[in-house]
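# predicted model and sequence follow; I will ask about them next.
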Amino acid sequence: MSTANVVPETRELDGDDARKTLMRAGRWQLTKASAARFRWADGFSHSRALAFQIVLTIIPGVIVAVGLAAVTKSSSLSNAIVRAINSLAPGPAGDVFRGAAGQGNLNAHNPSGWRPLVFGALVMVFSAATTFGQIERGANRIYGVEKDRPSTKKYGLATLMALSAGALFATTFVLVAIGQEVGRSIDSSAWSQTFALLRWPVGALLLIVAYGLVFRLSPRRRQPSLSWLAVGAALSVMLTLVISASLSFYLNFSSNFGDTYGPLAGFMGLMLWAYLTAIALFLGLAFAAQLEAVRAGDAEPQSTEKVEQTEPESTQEDHDDLPVGAGRP
């Protein structure tokens, strides 16, 4: 049970309100309170569950993407996908993607034709929907909401989010990671240079919008506008980039990780990256929730009532049953 305090629902909040509330509350104080809300909502447990689902979505996604590239005879695109994911998933995690890419190529040349790729695509969509369902559970606890939506609504919305926010995540990946290959295919030198410059800010903007959609639709409550949630979404994006860069540097230049996990280093590296990325997502969501709580005048991140409900009850009758001298209070 989450002991995070319920965030009162507020109306007609926009980006200007977020900026004013942020300045009034103080960035450092708000950051500490957001971290506390993340902790009282059991954010680390939800992050571990989300990391597992992210891995279950990414691996079949790579298999399907590389398989489609192989079927369409686009070897350059297939190689670009593998190189890009190797650069985004740091260090030994690249071994996992090389194996997934190899399986995608095998599926593309399978005598049974498209059936393995279609099955893989269905598995990917199912895993993505489950991933967004897990995000809803963590988001609800961060906002102090103890019950998720009914299963039909929950996973119906999660599927729509997988096709919308998930598509934005995929588009960002194409622009940032594979965009170099796309830029080289443009005949005009001016357009190629323009694309090379714009793909980074456009990709970052799409990523913020994707996080904003997740923040807006996931919790089972009335959420403020996307412009208000953009503060928390930008924080999640920044943390994700810092985590990816830092982890990549460590895993690429340290032999301790590979020596410790041996042949499992690739999978462990991928799981670690997914876990830290999930923490970044929920921390940004906790920041957005705490910002709204401050705006509503209820800034305490932990609920006293919920804490009392989780404490074991002790009655006078229990003490009366104790023998004399047995520690009666």
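That came in fine, so what should we check first?

# going by C-alpha atoms from here, please, whenever you check contacts or count neighbours.
OK.

# next secondary structure after the strand or helix carrying residue 121?
Residue 121 belongs to helix 115-142 when assigned by DSSP states H and E. Downstream of helix 115-142, the next assigned helix or strand under DSSP H and E is helix 151-177.

# what sits up against stretch 5-13?
37, 143-145, 221-225, 228, 289-290, 292-293, 296, 298, 300-303, 306 (CA atoms under 8 Å, 6 or more residues apart in numbering).

# and if you look at stretch 16-25?
Residues contacting stretch 16-25 (CA under 8 Å, 6+ apart): 30, 228, 231, 291, 294, 295.

# what is the neighbour count of residue 118?
12 (other CA atoms under 10 Å).

# typo on my end, it should be residue 224
Residue 224 has 19 nearby residues by other CA under 10 Å.

# these two touch, right, it and residue 216?
Yes: between residue 224 and residue 216 there is a contact at 7.3 Å, judged by CA atoms under 8 Å.

# list the contacts of the residue nearest to residue 53 when sequence neighbours are not counted.
Using CA to CA, 6 or more residues apart in numbering and skipping residues adjacent in sequence, the residue nearest residue 53 is residue 131, 5.2 Å away. Applying CA under 8 Å, 6+ apart, we find residue 131 in contact with 50, 53, 54, 57, 158.

# find the nearest non-adjacent residue to residue 221, please.
Spatial nearest neighbour of residue 221, excluding adjacent residues (CA to CA, 6+ apart): residue 9 at 7.4 Å.

# how about the contacts of stretch 16-25, which pair is most distant?
Maximum pairwise distance in the contacts of stretch 16-25, criterion CA to CA, is 15.2 Å, between 30 and 228.

# would you map the helices across the stretch 151-300 of the chain?
Applying DSSP state H, counting those that start in this stretch to the stretch 151-300 of the chain gives helices spanning 151-177, 179-184, 189-217, 226-253, 256-261, 265-295.

# out of those helices, which one sits most buried?
Mean neighbours per residue, mean count of other CA atoms under 10 Å, is largest over the helices of the stretch 151-300 of the chain for helix 265-295, with a mean of 24.

# so what does that one touch, helix or strand wise?
helix 15-25, helix 27-40, helix 43-71, helix 93-108, helix 115-142, helix 226-253, helix 256-261 (3 or more CA pairs under 8 Å, 6 or more residues apart in numbering; DSSP states H and E).

# still on that earlier bit, mark which of the contacts of stretch 5-13 are buried, thanks.
37, 143-145, 223-225, 228, 289-290, 292-293, 300-303, 306 (16 or more other CA atoms under 10 Å).

# now do the SS call for the residue nearest to residue 221.
coil (DSSP: H, G, I helix; E, B strand; the rest coil).

# on that earlier part again, can I get the helices of the stretch 151-300 of the chain in TSV including mean pLDDT?
Formatted as TSV, the helices of the stretch 151-300 of the chain follow (pLDDT from 0 to 100):
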stretch	mean pLDDT
helix 151-177	85
helix 179-184	56
helix 189-217	80
helix 226-253	83
helix 256-261	70
helix 265-295	89
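
# so what's residue 48 up against?
Per CA under 8 Å, 6+ apart, neighbours of residue 48: 275, 278.

# need the pLDDT of it.
With respect to pLDDT, residue 48 has a value of 94.

# same check, this time on residue 77
Looking at residue 77, its pLDDT is 62.

# so who does residue 296 touch?
Residues near residue 296 by CA under 8 Å, 6+ apart: 7, 8, 9, 10.

# for the residues you listed, which single residue is the most surrounded?
residue 7 (24 neighbours).

# need the per-residue pLDDT for that one.
91.

# next, count neighbours for the residue nearest to residue 139 when sequence neighbours are not counted.
Nearest residue to residue 139, sequence neighbours excluded (CA to CA, 6+ apart): residue 219, at 5.3 Å. Other residues lying near residue 219 total 23 when counted by other CA under 10 Å.

# list the contacts of residue 219.
136, 137, 139, 140, 143.

# do you know how far it is from residue 12?
17 Å (CA to CA, to the nearest Å).

# ok, residue 259 next?
Residue 259 is 54 Å from residue 12, by CA to CA.

# for residue 208, same thing?
21 Å.

# indicate which one of the helices of the stretch 151-300 of the chain is closest to residue 42.
Taking these one by one with CA to CA, helix 265-295 is closest: 10.4 Å.

# next structured bit after that closest one?
As assigned by DSSP H and E, the chain's next helix or strand after helix 265-295 is helix 304-310.

# counting by contacts, list what that next one packs against.
Using 3+ CA pairs under 8 Å, 6+ apart, helix 304-310 sits against no helix or strand.

# give me the contact list for it.
Outside helix 304-310, the residues touching it (CA under 8 Å, 6+ apart) are 1, 2, 3, 4, 5.

# go with 7 Å
residue 3 (CA atoms under 7 Å, 6 or more residues apart in numbering).

# how far is it from where the chain is centred?
The chain centre lies 29 Å from the centre of helix 304-310; the measure is CA atoms, centre = their mean, to the nearest Å.

# can you point out the buried residues in that helix?
For helix 304-310, a neighbour-count test (16+ other CA under 10 Å) marks residue 306 as buried.
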